[in-house]
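>>> show me the folded form of this:
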Amino acid sequence: MIATTLGIGLFFIAYFWVMRHPRFEPSVVPAIWLDYAIGFEPAALPVYFSLWLYVSLAPALLKNLAELARFGIASVLLSLSGLAIFMLWPTTVPDFGVDWTQHPSIQFLKTVDVAGNACPSMHVAFAVFAAFWLHIELIEMGAPAAMRWLNGVWCLAIMWSTIATRQHVVYDVLAGTALGIAFALPQWRSLWLRPKSLAR
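Numbering: from 1, shown residues only. Predicted coordinates for the structure are as follows:
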């Protein structure tokens with residue numbers, strides 16, 4: 001719990017500093033037809049914020065400090081990679097013409113997070129990263145298949161919420177998915193191939 005809280009806190013400090021101090025003029029990531037098909041949905045905000053609960057589940061279920069260290073190192077490298085991209089290529093989402101004053105909760109989010117670090121979506125990257133870890137943990141725990149399905153649905157819901165709240169567009173989500181997979185796969189493979197006698 002302490003490691004997760006500190007990790008999220010340090011990430012936000014770095015994230016907002018990079019966002020407020022872009023080295024270059026942010027490029028606008030274009031929207032595609034799927035962005036408009038999904039549409040703006042203020043009710044997606046709780047799902048969007050649920051990421052912070054979701055990403056805390058995987059480290060909470062780890063068995064020992066060695067696994068926690070591996071998870072932590074991969075999380076730090078994932079964060080640094082995303083922040084490096086934002087520094088070298090700042091991006092923002094297009095103006096969807098939404099009157100944010102009609103949606104105070106979303107307006108608050110837009111005030112705090114001005115969507116200056118758009119592509120890749122770190123929201124999605126961390127959701128995908130956590131989903132891989134949780135999948136293996138649920139298998140090792142002998143959790144019902146329904147729990148593994150819930151894990152996948154929750155991850156997809158978070159991905160949807162980033163578009164529905166207009167914090168990101170589809171291209172951001174695709175890039176965030178690729179980034180999350182890139183850092184999850186090596187860890188996921190090592191956990192999957194771990195001797196079952198050591199997994200208990």
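
>>> dump stretch 2-9 to CSV, restricted to CA.
Taking only C-alpha atoms (Å, rounded to 0.1, in the frame of the first residue of the first chain), the coordinates of stretch 2-9 have been written out as CSV:
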residue,chain,number,x,y,z
ILE,A,2,2.8,2.4,0.9
ALA,A,3,4.8,1.6,-2.3
THR,A,4,1.7,2.0,-4.5
THR,A,5,0.8,5.3,-2.8
LEU,A,6,4.3,6.7,-3.1
GLY,A,7,4.6,5.5,-6.7
ILE,A,8,1.4,7.1,-7.8
GLY,A,9,2.3,10.3,-6.0
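
>>> okay, and the helix or strand of the chain with the least pLDDT?
helix 196-199 (a mean of 44; mean pLDDT, DSSP states H and E).

>>> and stretch 136-146, which residues are buried?
I136, E137, L138, E140, A143 (16 or more other C-beta atoms under 10 Å). (C-beta placed from N, C-alpha, C; glycine too.)

>>> closest to F11 out of those?
Of all those, F11 sits closest to E137, with 21.7 Å by C-beta to C-beta.

>>> report all helices and strands that the helix or strand that contains the closest one contacts.
Take DSSP states H and E as the rule and E137 turns out to sit in helix 122-141. Packing partners of helix 122-141 (3 or more C-beta pairs under 8 Å, 6 or more residues apart in numbering; DSSP states H and E): helix 51-60, helix 65-88, helix 145-164, helix 170-192.

>>> need the max-distance pair from the buried residues of stretch 136-146.
Among the buried residues of stretch 136-146, I136 and A143 lie farthest apart (C-beta to C-beta), at 10.9 Å.
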